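Chemist: any chance you could fold what I've pasted below:
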Amino acid sequence: MNFGSDNQAGAAPRILEAITEAYQGHATAYGGDDYKVRAEAALKDMFECDLTAFFVTTGTAANTLALSTLAMPWEGIYAHAHAHILSSESTGPALMTGGASLLPIPEDSLRLTPAQFERHLATETSKGVHDVRPSALSLSQTNELGQVYPLEDVTRLCEMARARGLRVHMDGARFTNALAALRCSPADMSWRAGVDVLCLGATKCGAVAAEAVIFFDAALARDFAYRVKRSGHLVSKGRLFGAQFLAWLQDDYWLTLASHANQMAVDLRARLRMPGPVRLAFDTQGNESFAIMPKALVSSLHAAGATLFEWSPAGLPAEIRVGPDESLMRLVTSFATQSQEIENLIAHIERFGQAGNAH
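Modeler: Okay, the predicted model is just below:
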């Protein structure tokens with residue numbers, strides 16, 4: 001019963017096979033290998049455009065290095081208050097940008113809407129050199145609360161950013177889950193909507209350590225190779241990346257993996273909606289689900305070997321009420337989640353409720 005995170009799952013079979021095959025024999029080091037060249041070509045096909053791609057091992061490296069191309073040390077980056085770059089990347093953004101500020105938009109909401117962004121911009125004032133100069137907007141797709149931005153919202157947010165002279169970064173650690181949920185094309189969700197740089201995550205969708213920083217504006221990528229090297233993220237045996245992405249992209253394998261993760265989440269949420277001691281905190285569209293559970297049930301699940309994480313309700317909409325004897329729990333499904341895991345989880349919850357613990 002592992003619902004901890006999609007990065008706790010192992011590697012998808014085709015990915016492991018590709019890594020094993022790629023590491024037979026010799027290949028040019030530091031990204032000069034043929035796998036990298038072919039992977040970049042495959043990404044161009046996926047996104048239906050010319051682009052420049054770089055590969056790194058972690059999502060934090062991808063996001064923070066990408067942001068360093070969009071913000072100077074005296075500038076700032078807008079993001080939803082719950083964005084991963086604000087809540088889970090420590091001082092990485094400040095380090096990689098040389099000190100740029102993250103500018104949270106503290107709306108009491110699950111995701112940023114165009115109306116909220118417009119309202120926030122309308123209330124801002126600038127004291128010139130005495131203030132932070134905004135330079136970018138960062139969007140997470142899918143975001144940290146399992147919300148998928150509708151395509152029209154992404155487009156409108158990008159238009160609003162562009163009108164202010166802001167570049168747009170997209171944290172796509174779960175980009176594929178959003179695509180699978182919306183059934184739209186990668187191009188429509190990225191450069192056609194106005195995104196300048198996308199951090200495309202494969203790690204949470206079946207890969208081992210494979211994140212692509214994709215620039216749709218070549219000018220932004222001009223010095224990026226030096227940023228990667230300077231930060232210690234240039235991998236010598238770089239075929240690790242190209243081999244994985246080639247296998248991941250071939251025949252839309254990524255879509256198969258993401259669709260399975262999403263479907264498992266749909267099945268899980270359907271079961272959690274049934275009467276009992278657990279209630280869904282809010283609707284989600286990707287492979288993350290959030291449920292409010294009695295603390296005693298959480299302890300019982302952990303004792304039974306289940307993996308799921310407690311999530312802070314701070315800053316969530318006021319209507320999401322978590323009682324003093326309850327916890328807000330995040331449950332994440334992955335390409336490796338089996339239906340039996342869901343059945344086992346639900347059976348445990350039902351036994352807990354039948355023992356007289358139902359609310």
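
Chemist: which strand or helix spans residue 170?
Modeler: In this structure, residue 170 is located in strand 167-172 according to DSSP states H and E.

Chemist: sheet partners, orientation included, of that strand?
Modeler: If you go by DSSP bridges, strand 167-172 pairs up with strand 133-140 (parallel), strand 197-201 (parallel).

Chemist: nearest to residue 227, out of those strands?
Modeler: strand 197-201 (12.2 Å; Cβ to Cβ). Bear in mind the C-beta positions are built from the backbone N, C-alpha and C, glycine included.

Chemist: report the contact partners of residue 257.
Modeler: Counting by Cβ atoms under 8 Å, 6 or more residues apart in numbering, residue 257 touches 12, 176, 205, 206, 248, 335.

Chemist: quick check: the residue nearest the centre of the chain vs residue 242, distance?
Modeler: In the chain, the residue lying closest to the centroid (Cα atoms, centre = their mean) is residue 173, at 3.0 Å. Counting by Cβ to Cβ, to the nearest Å, the separation of residue 173 from residue 242 is 20 Å.

Chemist: hey, where'd the helices end up in the protein?
Modeler: 13-22, 34-47, 59-68, 84-87, 92-97, 114-123, 151-163, 175-182, 186-189, 224-230, 239-249, 253-272, 295-303, 339-352 (DSSP state H).

Chemist: out of those helices, which comes closest to residue 104?
Modeler: Across the helices of the chain, closest to residue 104 is helix 84-87 (Cβ to Cβ), at 5.6 Å.

Chemist: name the helices or strands packed onto the closest one?
Modeler: Here helix 84-87 touches helix 59-68, strand 75-80, strand 101-105, strand 133-140, going by 3 or more Cβ pairs under 8 Å, 6 or more residues apart in numbering; DSSP states H and E.

Chemist: chain center to it: distance?
Modeler: Its chain's average C-alpha position is 11 Å from that of helix 84-87, according to Cα atoms, centre = their mean, to the nearest Å.

Chemist: ok, now stretch 215-232?
Modeler: So, by Cα atoms, centre = their mean, the centroid of stretch 215-232 is 21 Å from its chain's centroid.

Chemist: what about residue 300, how many neighbours?
Modeler: Using other Cβ atoms under 10 Å, residue 300 has 18 neighbouring residues.

Chemist: what residues are up against it?
Modeler: Residue 300 sits next to 348, 352 when contact means Cβ under 8 Å, 6+ apart.
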